[in-house]
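Peer 1: whatever this is, show me its structure:
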Amino acid sequence: MSSFAQRAVTLSRIGYAPAPGTMATLVTLPFVILISWFSFDYLIILAATIGIGFALVRASLPFFDKKDPHEIVIDEVVGCLVTFYGIALTSSTLFAGFILFRILDVCKPSFIGRTERLPGVWGIMLDDIVAGIVANIILRAMF
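Peer 2: As a prediction, this is how the structure comes out:
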C-alpha cells in the first residue's frame, strides 16, 4: 500500500536506496545552494519544510511497519536545511556541514540520541533537527 505522504517522506525512491539518509542529504545540498543563490527567505522555507515534514511523517506512519522507518528521509532534508541556516556557503562550509550533520545524525551523541526515543513523529523529526542545530553551531564556530 502506498500514499502520497509515503512517497513524499521517502523522496520517492531515495528512502529505499543504500545509505538513504546520506543520499537524501546529498540531494538536499543543491536546494540549499539554490535558496542562497536566489536569495529566497531561508527561514520561511525552513519553517515550511519543518511543518510539512511533521505533517507528512504523521500521515505516512500507518503505511510503514516500523516505529522509525529508515526509509523516511524527509527528516534528513530538514536537518540539512537547519545545518546551513545563516551559514555563508562555500565549498568548505558545504563539505564541513555535510560531514558534521551526517556524523551527528548517524552517531546521535548525548541528547540527540535521546530525542530519537521520543514517540512517533517527534522522535523521527527532532533528532535530525537537533543534529542540524548542533552542526550549525559547530559550523559557525569553525567559520
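Peer 1: element containing the most centrally placed residue in the chain, please.
Peer 2: In the chain, the residue lying closest to the centroid (C-alpha atoms, centre = their mean) is Glu76, at 2.2 Å. Using DSSP states H and E, Glu76 sits in helix 74-83.
Peer 1: which strands and helices sit next to the helix or strand just after that helix?
Peer 2: Downstream of helix 74-83, the first helix or strand assigned by DSSP H and E is helix 91-107. Packing partners of helix 91-107 (3 or more C-beta pairs under 8 Å, 6 or more residues apart in numbering; DSSP states H and E): helix 20-37, helix 74-83, helix 120-142. Any C-beta I mention is one placed from the backbone N, CA and C, and that applies to glycine too.
Peer 1: to Val9, which of those lies closest?
Peer 2: Closest approach to Val9 among the helices and strands packed on helix 91-107 (C-beta to C-beta): helix 74-83, 4.5 Å.
Peer 1: just the C-alphas of the closest one, formatted as PDB.
Peer 2: These are the backbone C-alpha positions of helix 74-83, laid out as PDB (Å, rounded to 0.1, in the frame of the first residue of the first chain):
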ATOM      1  CA  ILE A  74      12.400  13.900   4.900                       C
ATOM      2  CA  ASP A  75      13.900  14.400   8.300                       C
ATOM      3  CA  GLU A  76      17.400  14.400   6.700                       C
ATOM      4  CA  VAL A  77      16.200  17.100   4.400                       C
ATOM      5  CA  VAL A  78      15.000  19.200   7.300                       C
ATOM      6  CA  GLY A  79      18.200  18.500   9.300                       C
ATOM      7  CA  CYS A  80      20.300  19.500   6.300                       C
ATOM      8  CA  LEU A  81      18.400  22.800   5.900                       C
ATOM      9  CA  VAL A  82      18.800  23.500   9.600                       C
ATOM     10  CA  THR A  83      22.600  22.800   9.300                       C
END
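Peer 1: quick one: it to chain centroid distance?
Peer 2: 2 Å (C-alpha atoms, centre = their mean, to the nearest Å).
Peer 1: mind giving me the packing neighbours of it?
Peer 2: Secondary-structure packing of helix 74-83 (3+ C-beta pairs under 8 Å, 6+ apart): helix 20-37, helix 42-60, helix 91-107, helix 120-142.
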